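*Asks:* Here is a sequence with its predicted model. Questions after.
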Amino acid sequence: MSRLRTLAHAMKARIEEIPDLAGSVVVFHRSNVETEFEKRMAKTRGRCVVIRLIRGKNQTRDKVKPRFRGTYSVTLFTVPVLTQKDANNSDALMELIVGKLHGWWPAAVPSNGSIWLDCDSITYPEDTEYDVSVLTVETP
């Protein structure tokens with residue numbers, strides 16, 4: 001499972017290459033996610049991206065060493081604003097996130113050279129406080 005955690009932290013570093021999201025990404029851990037989220041949202045034009053491992057599923061039938069594939073949620077929270085320019089900004093940020101992750105594989109995680117992250121879907125759950133976009137990412 002440590003490989004799946006390493007992937008989450010690699011995704012964090014990759015997303016933080018986007019200037020508007022530098023310092024705004026949190027890898028979900030029950031012990032600190034609320035504090036870290038609040039710190040980032042308290043900033044003017046608050047934005048926060050939370051990366052969460054949803055599940056790890058064994059993709060082999062090997063008794064000795066299972067190989068888990070991961071499913072992650074990459075959730076972008078932004079403060080709702082009234083101007084159209086800012087409303088589009090959250091969509092543009094999600095497009096940048098997809099561009100950074102889809103088809104990419106971190107060098108820090110062993111690979112056979114023919115695997116990559118697959119951005120599966122984007123959903124928009126209702127939230128009374130924030131604009132929320134959730135990207136589902138699958139890893140081999």
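*Replies:* Cool, got the structure. Residues are numbered from 1 along each chain as shown.

*Asks:* Where is the longest helix in this structure?
*Replies:* In the chain, with assignment by DSSP state H, the single longest helix is helix 84-101.

*Asks:* show me where the chain has helices.
*Replies:* 2-15, 33-41, 84-101.

*Asks:* Now tabulate the ones you listed in a markdown table and tack on distance to Pro125 and mean pLDDT.
*Replies:* Just so you know, the C-beta spots here come from the backbone N, C-alpha and C atoms, and that holds for glycine as well. A markdown table is the format used below for those (distance: least, Cβ to Cβ, whole Å; pLDDT from 0 to 100):
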| stretch | distance to Pro125 | mean pLDDT |
| --- | --- | --- |
| helix 2-15 | 20 | 90 |
| helix 33-41 | 16 | 67 |
| helix 84-101 | 13 | 80 |
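
*Asks:* With respect to Arg55, which of these lies nearest?
*Replies:* helix 2-15 (9.3 Å; Cβ to Cβ).

*Asks:* which residues make contact with that closest one from outside it?
*Replies:* Identification of contacts with helix 2-15 by Cβ atoms under 8 Å, 6 or more residues apart in numbering yields 21, 25-28, 49, 51-53, 56, 68, 70, 72, 74, 97, 100-101, 104, 106, 108-110, 117, 137, 139.

*Asks:* ChimeraX command to pick out the buried ones of those?
*Replies:* Here is the ChimeraX command that selects the buried residues among the contacts of helix 2-15 (16 or more other Cβ atoms under 10 Å):
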select :21,25,26,27,28,49,51,52,53,56,68,70,72,74,97,100,101,117,137,139
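
*Asks:* If we ignore the residues flanking it in sequence, what's nearest the most centrally placed residue in the chain?
*Replies:* Closest to where the C-alpha atoms of the chain average out (Cα atoms, centre = their mean) is Val74, at 2.7 Å. Spatially, and ignoring its direct neighbours in sequence, Val74 is nearest to Leu135 (4.3 Å; Cβ to Cβ, 6 or more residues apart in numbering).
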